[in-house]
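A.B. asks: Need coordinates for the following:
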Amino acid sequence: MSVINYKKYLPVVFSVFLVCLSSCNNEFSKYKKTDKNDLEKLGLVGNVKSVTRYYDGEIVYMDNYNRYGFETETVDYSDGEIDETITYSYNEFGKISRKETKNKTFHRADITLFDEIGNAIEESTEIYEVYEANSDLTVGKRLDYTYENNYDKFGGLISCKCLRRDGSCLFEKQYNQSGKLSKVIEYDEDGSVKKLTDYSYRGNVLAVEKTTYPKLHRMYDICYYNQQGKMEKWSKLYEDKSIDEIHEYFFDHNGFMTKDVCTWVVSFPFSELNIGDICHTITAYDRDEHGSILKETKTTYYPYEDMSIPKEAEEIKNFQYKYDNYGNVIYEKDYEGHEYKYEITYY
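C.D. replies: Okay, here's the model as predicted:
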């Protein structure tokens, strides 16, 4: 039975107060908060130390966090026993410098070296032990990627190229004068462009993100964001601007999504529909005061149906939750009756 990722069930993003700490080592000594930490990305509130998750009464994983809100260890379980342990170490800029993994197959470390400004310059893998006799893994250290970082006269990052071991480029990132990411180019091993993403901003907030796939029938994705950083519209279109799929998202005054209106084109004939017919699927979300989804209702309108006339929903999903004093989810029951329990400890 597949286990649903806990992170999908914490959609609310809250601000976490960052405690500035002195440390006996160099970790986080030059850290400056510019983005959400791991706890904020998960919507966890308070100085969380650990989260242990249970699925239908069976332990699934345990995550540990430092006082800066970053993950330091993940322990995955299978049938009640430890299946894999991953530990994270950080450099003085608060970036992951070492990821060490132990499981039934291998014991390895992914190591990243940084320059004096805090940007990656090299990634390598060191395998300490391999436990499967027929494995193609080899004990030893291997260089994976190197980075070419270009800076302006003020030390601002202009561009970054990630190079494979053979010297070919995996991807290239370009930045604007404000230091914001403006373009990402991903390459195939033969040097051809596989994916190209352009970013434009309204002030300091991402406004438009456009991704093209040169080898995929000239199809492209384009996303629009509001001033709160929420995606308002996502479209998958063809070069002639014909539609493959469009999503329009609606939010309440708290910034929680309340409705997703999907416009999609029939790509193969079925029932009374023909190729090229345009349909609409509306997914509505009823949420509690924490932003968690209590009910998800999905209704599809076909070309011969009027969207202004209410119709019976094809699918309704109901969820239940319990919270601790911080407002973090400690219990959930999904629409299939599966139960999730979260044991949370705090500093």
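
A.B. asks: where's the residue most central in space within the chain, which helix or strand?
C.D. replies: Central residue of the chain (Cα atoms, centre = their mean): K41, 8.7 Å from the mean position. Per DSSP states H and E, K41 falls inside helix 38-42.

A.B. asks: Would you indicate which residues of that helix are buried?
C.D. replies: Neighbour counts over helix 38-42 (16 or more other Cβ atoms under 10 Å) mark 38-40, 42 as buried. No exception for glycine: its C-beta is placed from N, CA and C like everyone else's.

A.B. asks: now stretch 337-347
C.D. replies: Residues of stretch 337-347 classed as buried: 340-342, 344 (neighbour count, 16+ other Cβ under 10 Å).

A.B. asks: Which ones among those residues lie within strands?
C.D. replies: The strands, defined by DSSP state E, take in 340-342, 344 from the buried residues of stretch 337-347.

A.B. asks: quick one on the thing from earlier: just the buried residues of helix 38-42 now: which is nearest R165?
C.D. replies: Nearest to R165 among the buried residues of helix 38-42: D38, at 29.9 Å, using Cβ to Cβ.

A.B. asks: which residues does that closest one contact?
C.D. replies: Contacts for D38 (Cβ atoms under 8 Å, 6 or more residues apart in numbering) come out as 65, 69-71.

A.B. asks: Any chance of a markdown table for those residues, columns neighbour count, distance to K161 and secondary structure?
C.D. replies: Listed next are the contacts of D38 as a markdown table, based on neighbours: other Cβ atoms under 10 Å; distance: Cβ to Cβ, whole Å; DSSP: H, G, I helix; E, B strand; the rest coil:
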| residue | neighbour count | distance to K161 | secondary structure |
| --- | --- | --- | --- |
| Y65 | 23 | 33 | strand |
| G69 | 22 | 31 | coil |
| F70 | 18 | 27 | coil |
| E71 | 20 | 28 | strand |
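
A.B. asks: so which of the residues you listed comes closest to K95?
C.D. replies: Each of the contacts of D38 was checked against K95 using Cβ to Cβ; the closest is F70, at 9.6 Å.

A.B. asks: right, and the closest one touches N91 too?
C.D. replies: No. If you go by Cβ atoms under 8 Å, F70 and N91 don't touch, sitting 11.7 Å apart.
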